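Asks: Predicted model, plus sequence, below.
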Amino acid sequence: MTQPNLSSPTSALTDAASPLTQEQLKTLVGQAALQYVVPGEIIGVGTGSTVNKFIDALASIKDQVKGAVSSSLASAERLRGLGIPVLDCNEVERLAVYIDGADEIDGNGYMIKGGGAALTREKIVAAQSDQFVCIVDASKLVHTLGAFPLPVEIIPMASRRIMAQFAAKGAQAAIRMKEGKALVTDNGHILLDVSGLQISDPIAFEAEVNQWPGVVTVGVFAFQRAHVCLLATATGVKTLRF
Ligand code: 5RP
């Protein structure tokens, strides 16, 4: 793993006697991401509980935000709740910055995403952005991707074959369920969660799985990796640049 460039903590947080909860770490890193919002620009906004903290923090500077392109219906609703206009991706040529969380991130800025089922739109908005700023707490930083079950958005009629293709790699794929039924994404597809993977070459892995017929999006973000990671730790929010 390439050694990330760790800059010094942006703030001293706590003493060992009162460690911060994961919730507090998410709040801190959500607030830290405000520094990447360019006044008067349209921003790309991701999905998840850490991004929700970022959106909550945006309230303090909402008058400076021209608008947002969102990666999910849930984030769009939260943004609109603040009075921030939400634009369709096709209305915008490029975004200066995309701010989103991750389920895992490694020392090269490669990520696993999709725990919140929004991976396809996340990859689309990330591809349209000049800079991906990933906001996570320190538990998400890993040496090798794969301990978190990999989300893969697929077309339902291909599920049996794609599950067999993962089984041939020694992994186990399961359809993500919600209230007794297969979860349906914002795009009308279903998701597999794949455990038992060790993704030592994320670029090769993403390229390979992307080509399997029926795969809509694989939750490895190597081609759309992070450029910056704001990492909330017990001693402060650290900045990793890749
Ligand atoms: C949603 C995602 C999220 O960024 C990822 O699941 C992290 O979420 P959280 O901040 O709630 O831990 O990829 O599809």
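Replies: That came through, no problem.
Asks: Show me what counts as buried in the longest strand along the chain.
Replies: Assignment by DSSP state E gives strand 129-137 as the longest strand of the chain. Using 16 or more other Cβ atoms under 10 Å as the test for burial, strand 129-137 gives 129, 132, 133, 134, 135, 136, 137. From N, CA and C alone the C-beta is placed, and that goes for glycine too.
Asks: got JSON lines for those residues, with pLDDT too?
Replies: Shown next, in JSON lines, are the buried residues of strand 129-137 (pLDDT from 0 to 100):
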{"residue": "129", "pLDDT": "97"}
{"residue": "132", "pLDDT": "98"}
{"residue": "133", "pLDDT": "98"}
{"residue": "134", "pLDDT": "98"}
{"residue": "135", "pLDDT": "98"}
{"residue": "136", "pLDDT": "98"}
{"residue": "137", "pLDDT": "96"}
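Asks: mind putting these in a markdown table, distance to residue 222 included?
Replies: Below are those laid out as a markdown table (distance: Cβ to Cβ, whole Å):
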| residue | distance to residue 222 |
| --- | --- |
| 129 | 16 |
| 132 | 12 |
| 133 | 17 |
| 134 | 13 |
| 135 | 19 |
| 136 | 17 |
| 137 | 22 |
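Asks: coming back round to it: by contact count, what packs against the longest strand of the chain?
Replies: When contacts are defined as 3 or more Cβ pairs under 8 Å, 6 or more residues apart in numbering; DSSP states H and E, strand 129-137 packs onto helix 22-32, helix 49-58, strand 95-100, strand 228-233.
Asks: Could you dump the ones you listed into a markdown table with distance to residue 204 added?
Replies: Listed next are the helices and strands packed on strand 129-137 as a markdown table, based on distance: least, Cβ to Cβ, whole Å:
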| stretch | distance to residue 204 |
| --- | --- |
| helix 22-32 | 30 |
| helix 49-58 | 28 |
| strand 95-100 | 23 |
| strand 228-233 | 22 |
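Asks: Throw those into a markdown table and include distance to residue 182 and mean pLDDT, thanks.
Replies: Converted to a markdown table, the helices and strands packed on strand 129-137 look like this (distance: least, Cβ to Cβ, whole Å; pLDDT from 0 to 100):
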| stretch | distance to residue 182 | mean pLDDT |
| --- | --- | --- |
| helix 22-32 | 29 | 97 |
| helix 49-58 | 23 | 98 |
| strand 95-100 | 25 | 97 |
| strand 228-233 | 32 | 97 |
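Asks: Which one of these lies nearest to residue 145?
Replies: With Cβ to Cβ, the closest approach to residue 145 among the helices and strands packed on strand 129-137 belongs to strand 228-233: 13.8 Å.
Asks: which stretch among the helices and strands packed on strand 129-137 comes nearest the ligand?
Replies: helix 49-58 (3.3 Å; Cβ to the nearest ligand atom).
Asks: And the helix or strand just after the closest one, what's buried?
Replies: Remark: after helix 49-58, the chain's next helix or strand is strand 67-70, criterion DSSP states H and E. Under the neighbour-count criterion of 16+ other Cβ under 10 Å, strand 67-70 has 68, 69, 70 buried.
Asks: tell me, which of those residues make contact with the ligand?
Replies: Applying Cβ under 6 Å from any ligand atom, the subset of those adjacent to the ligand is empty.
Asks: Which of those residues sits closest to the ligand?
Replies: Among the buried residues of strand 67-70, and counting by Cβ to the nearest ligand atom, the member closest to the ligand is residue 70, at 11.9 Å.
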